[in-house]
Structure formats: structure tokens, C-alpha cells
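Trainee: Generate a structure from the sequence data that follows.
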Amino acid sequence: MDMKDNVKAGRSSSLIYYALLVLLAVAIGIYVFVNKPPVDIKVTNAFVYGLFFYGIFKIADYFFSTLYIERAKIAVPKLIHDIVTAVIYAIALFAILKIQFGIDLTPIITTSAVFSMVIGLALQDTLTNLIAGVVLHIETPFRINDWIRVKETDGKVVEINWRTTKLLTRSNDYLVIPNGSIIKDTILSVNYPTPNQIMSLFVGVDYDTPPNKVKQVIASVCLRTCELKGHPPEVRVVKYNDSSIEYELRVWINDYGLKYHISNILMTKLWYAFKRENIRIPFPVRDVYCHPVTGVDSNDEFEQNYSAVQRIEFFSVFPENVQKEIASQLVQKYFGKGESIFEEGEEGDSFYVIRRGRVSVTVGGNEVAVLKRGDFFGEISLFTGGIRTASVTAKEDALLLVLDKEGFSNVIMDNPSAVESISAIITRREIENEQLARKMSEQALSEEQLNAHFANKKTKMFCKIKEFFNLT
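Mentor: Sure, this is the predicted structure:
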């Protein structure tokens, strides 16, 4: 049973309860009228009338709210409902007192200055909050589920009644504010005139990185963040600090409640993007941070890169000294969990080797493989500049070794004879994948057809590589 079912069940049980009250009042009235027991008839009648009126009013209120207000989808503020209810109860009370006991309170209330003064002084704050609540409902500076800021506190409006306004803060606490205080203070309503608003984030970057490069990297991260699609981000330099250039990132959001969630996603992705692009977030000038890179560390990193190159079939066609040159061209890049490395259909010229972590390969939105340490991908784009045929996303924090066309151009141009062997290896791998797909569909080629297909594809691949690297 969901919440709506619970509410309906609660209302039905309440309706039965009020109906029983009405029947009880009628039964008591009939019993007193017929048997005339030794009781004060005026007090008994007053009790019966009060009980009968209360039950009838609650039943009428139930049917009016359910059959008319809810079906017509009219938003009646709780404050207005409470005021009308209080007025009806007061009229009923005055009527019962006057009919049964002959007591008329109207002249006393309207003519007694002392009584009015006492009531006014005693209920000064309450009346102030009541009037302020009426003003809030008339002006409607905010509504239920709107986010507002009162002084330094953010909260979502969950209730506006005759005395207070209740907010649900970000720490999941209730903040109860008297309506009188709200109309006196300055309130920031983030839902008007539109729920779309600009969120500003600030990040400091060292002086060695050109501002245009920093702006390009930050903007790229924003455009790859799904929560921000639809509005272009704005990145600008705002200040030259002692140890950094401060940048302001201005992005559009349409749900103020997700402000810190989106901020967290952006700041996390920026760290990985800066790490990949060798953009440094500096330490304060007053701190001295020394991290010397020893020859042992440098040699160890190179040996790992060289070992990775040796295990890759495409590079086995080169002699040892060329393989070491390729290893020196590998660049480390970090990707955070969930970050896109590249998308299906993108242009590219980079080749990736996984040093640490795992990545997911998807085609058409369906995962086709999970690659781990030592695996590689992107070779077609490196050798031919071909369009990416799959999307690759980091399944966990990953460290990748990247080789792009710029780093590989000198190698291939100094060793043009290797193009023949590379073309054969790539073609063989592609045909193996094709054969696997054909076996699954029972359309395998004969050996003669396979040889002809291989020769044709190899020739095309050979021409693509030579054209891509401008080899004559």
C-alpha cells in the first residue's frame, strides 16, 4: 500500500468516526426527549447540539475537500482553511450559548474596550503572525516546495500555516519561523522568476598554465556533465592571487536542491581533468612543498611503460630502440570513476593502455567488454584517425597510458617499412572479430574468400595509414 492509499484509508476511517458522532448525538437527543431523565436539559441540549454540529461540519468538510477541491485541483492554503474553520466554530458556539442559555457574547466583545485591550495585548504576537500569514498567502512570495534563504539558512518550504512557516534544511532538520519574522526580514527566493539560476564555483590554478587552456579544460568538463546540458558554461579570470590565478566557473542549474551535488561532481571531475592536462592547483606560498623525483622513480616508470609497449603486438614490429622511443612518448592520464574517456562517433587519434583500474566499452549504449590492467584500445584511431566505434568509460578510478598521433608521427615516419606489418596485424584482428560474428550467425567464409577478403582489407588499411601520416 502506497502513501496515497494510506491517506485515503485514514480519511475513510475519519469519515466513519464523524458519522458515528452524529448518530450518537441523535441517539442522545431522542433518548432525552422520550425518557426525560433527571438531567439539566439546557446543558444536555448544548452538548448534543455541539456534538451534532461538530460531526456534521467534519463530514461536510470531508466531502467538500474530496469531491470539489481535490477534483477541481484548487490549491487552498491551509491558513485560509483554518481561519474559515475557526470562524464557523465561533459562530456555532455563540449560537448555542444564546439559544440554550440566553448568553450573547457579541455585545461584550464589541463594546468592552478593556476586554479588547487585554485580548489585543495578550495576543499581540499571535495576531502579528496571523496577519503576516495572510499577507504571505496574498502576495505568495514563495510556495510549498520552493527553496528560500532566510538570513544564512537554506531550506525547502514544507508548510505555511496561520502562525509559522516551516522549512526543511539541507541537514534534514525543521526550521520553524514565525510569519511575523519572515515579513520583516529579507528573503531570497530561488524559484522566482524562474527555477533556472547561475551557480558560481571558484578554483585556483598556477601561473604556468595559459588561461585559455584552463578555460577550455573547465568548459569541456562542464559540457560533459549531464546535469548542466542545455546552457553553455562561462569561465572567466577573476583575480591574481599570490600563488594562483583564480577562475570563476558559472554554470546554470534548474534545481537549487541539487546545488551541492552538482558542485561535488564538477569539482571531482576537474581534479582528474587537471591531472590529465598537467594543470597544477598550487599550494599556498607560505608552504614549501618539495617532491624530488629520483632517478630510481623515473627509471621505474619508464621500465613499466617499456614493458607495456613490448606486450602490444602492433609495436612488436619495431626494433628495441624504437620500442623504447615509443615508451618515452606515453603520457599518464587519470580518469575518475564514471568519467567518459571518449564517446562513440567522436574523432580521435589517441591510443590507450590501461596501467591501473578498469574501463567499460559500450556500443549503442550496450556494454560489450570490460578492459583491465594491461589491455589497450583506440588503435584504429591512432593509426588512421578513424571515428571511434565505441564509447569507453572508467568503471573505477583509472590510470591510462596515452599515445597520440603527435607522439607517434616521428616513429612511423622514421620506420615507414613497419606500416606493412601493422596493416597486416590490424586487418587480421578485424577479420578475427568478423569471423566470430559470422560463426554466431552461421555465415562463415571459405578459406579462399577469407584470403581475398584479407588482402583487400589489408591494402585499404595500408593506404589509410600512409595517408594519415602523410607517408609517400
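Trainee: could you pull out the strands for the stretch 1-150 of the chain?
Mentor: Taking DSSP state E, counting those that start in this stretch as the criterion, the stretch 1-150 of the chain carries its strands at 147-150.
Trainee: Endpoints of stretch 198-217, how far apart?
Mentor: Length of stretch 198-217, first residue to last, C-alpha to C-alpha, to the nearest Å: 20 Å.
Trainee: Which residues does that stretch contact?
Mentor: Residues outside stretch 198-217 that contact it (C-beta atoms under 8 Å, 6 or more residues apart in numbering): 218, 235-238, 241, 243-253, 259, 262-263, 266-267, 270, 273-274, 277, 279-282. Every residue, glycine included, has its C-beta placed from N, CA and C.
Trainee: repeat for stretch 92-104
Mentor: 42-43, 45-46, 49-50, 53, 57, 105-106.
Trainee: In that stretch, which residues are buried?
Mentor: Applying a neighbour-count criterion of 16 or more other C-beta atoms under 10 Å, the buried positions in stretch 92-104 are 96, 100.
Trainee: again with stretch 252-263
Mentor: Neighbour counts over stretch 252-263 (16+ other C-beta under 10 Å) mark 252-253, 256, 259, 262-263 as buried.
Trainee: repeat for stretch 161-177
Mentor: Within stretch 161-177, the residues that qualify as buried are 161-165, 167-168, 175, 177, counting by 16+ other C-beta under 10 Å.
Trainee: Which member of the residues you listed is positioned nearest residue 31?
Mentor: Nearest to residue 31, judged by C-beta to C-beta, of these is residue 162 at 38.9 Å.
Trainee: Tell me how the chain divides into domains.
Mentor: Domain assignment of the chain by automatic domain parsing yields the ranges 3-111, 142-189, 197-276, 296-466.
Trainee: Can you list the low-confidence ranges for the stretch 301-450 of the chain?
Mentor: Scanning the stretch 301-450 of the chain with the threshold set as pLDDT under 70 gives 435-446.
Trainee: Which residue ranges of it form helices?
Mentor: Here the stretch 301-450 of the chain has its helices, by DSSP state H, counting those that start in this stretch, at 320-329, 379-384, 405-414, 418-440, 447-468.
Trainee: Output those in CSV; the columns should cover mean neighbour count and distance to residue 145.
Mentor: Below are those laid out as CSV (neighbours: other C-beta atoms under 10 Å; distance: least, C-beta to C-beta, whole Å):
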stretch, mean neighbour count, distance to residue 145
helix 320-329, 16, 55
helix 379-384, 22, 48
helix 405-414, 16, 52
helix 418-440, 15, 52
helix 447-468, 14, 56
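Trainee: quick one, which of those helices is nearest to residue 344?
Mentor: Comparing the helices of the stretch 301-450 of the chain by their distance to residue 344 (C-beta to C-beta), the top pick is helix 379-384, with 11.9 Å.
Trainee: Which strands or helices does that closest one pack on?
Mentor: Packing contacts for helix 379-384, counted by 3 or more C-beta pairs under 8 Å, 6 or more residues apart in numbering; DSSP states H and E, involve strand 350-356, helix 418-440, helix 447-468.
Trainee: list the contacts for residue 269?
Mentor: Applying C-beta under 8 Å, 6+ apart, one finds that residue 269 lies in contact with 221, 224-225, 336, 339.
Trainee: Checking my notes, residue 192 in a helix, right?
Mentor: No. With DSSP: H, G, I helix; E, B strand; the rest coil as the criterion, residue 192 is coil rather than part of a helix.
Trainee: which one among the contacts of stretch 92-104 gets closest to residue 383?
Mentor: Out of those, the one with the shortest distance to residue 383 is residue 57. That distance is 83.4 Å, counting by C-beta to C-beta.
Trainee: quick one: the closest one from residue 196, how far?
Mentor: Here residue 57 is placed at a distance of 45 Å from residue 196 (C-beta to C-beta, to the nearest Å).
Trainee: what stretches of the stretch 51-200 of the chain score poorly on pLDDT?
Mentor: Filtered on pLDDT under 70, the stretch 51-200 of the chain yields the residue ranges 66-81, 102, 104-139, 162.
Trainee: at 80 what do you get?
Mentor: Within the stretch 51-200 of the chain, the stretches falling below the threshold (pLDDT under 80) are 53, 55, 57, 61-90, 92-143, 151-152, 160-164, 179-187, 192-194.
Trainee: Skipping adjacent residues, who's closest to residue 375 in space?
Mentor: Distance criterion C-beta to C-beta, 6 or more residues apart in numbering; nearest residue to residue 375, sequence neighbours excluded, is residue 354 at 5.2 Å.
Trainee: my guess is residue 348 contacts residue 391, does it?
Mentor: No. When contacts are counted by C-beta atoms under 8 Å, residue 348 is not listed as touching residue 391 (11.7 Å).
Trainee: Identify the contacts common to those two.
Mentor: Shared contacts of residue 348 and residue 391, counting by C-beta under 8 Å, 6+ apart, come down to residue 342.
Trainee: that older thread, from the contacts of stretch 198-217, keep the buried residues only.
Mentor: Buried residues within the contacts of stretch 198-217, counting neighbours by 16+ other C-beta under 10 Å: 218, 235, 244-245, 247, 249, 251-253, 259, 262-263, 266, 270, 273-274, 279, 282.
Trainee: which ones among the residues you listed are found in strands?
Mentor: Secondary structure of the buried ones among the contacts of stretch 198-217 is defined by DSSP state E; positions in strands are 235, 245, 247, 249, 251-253.
Trainee: Closest to residue 403 out of those residues?
Mentor: Of all those, residue 235 has the smallest distance to residue 403: 29.3 Å, by C-beta to C-beta.
Trainee: From residue 279, how far out is the closest residue in space to the closest one that isn't next to it in sequence?
Mentor: Once its chain neighbours are removed from consideration, residue 235 has its nearest residue in residue 215; the separation is 4.4 Å (C-beta to C-beta, 6+ apart). For residue 215, the distance to residue 279 under the criterion C-beta to C-beta works out to 11 Å.
Trainee: What of residue 408?
Mentor: Counting by C-beta to C-beta, the gap between residue 408 and residue 279 amounts to 24 Å.
Trainee: just residue 412 next, same as before
Mentor: Taking C-beta to C-beta as the measure, residue 412 falls 29 Å from residue 279.
Trainee: cool, residue 411 as well?
Mentor: Going from residue 411 to residue 279 by C-beta to C-beta gives 27 Å.
Trainee: repeat for residue 264
Mentor: In terms of C-beta to C-beta, residue 264 sits 20 Å off from residue 279.
Trainee: before we move on, back to that, in contact with the residue nearest to residue 375, which residues?
Mentor: Residue 354 sits next to 371-376, 398-401 when contact means C-beta under 8 Å, 6+ apart.
Trainee: please redo it, this time with the cut-off set to 10 Å
Mentor: Applying C-beta atoms under 10 Å, 6 or more residues apart in numbering, one finds that residue 354 lies in contact with 308, 371-377, 394, 398-401.
Trainee: Residue 252 bridge partners, please.
Mentor: Beta-bridge pairing of residue 252, defined through DSSP bridges, involves residue 198.
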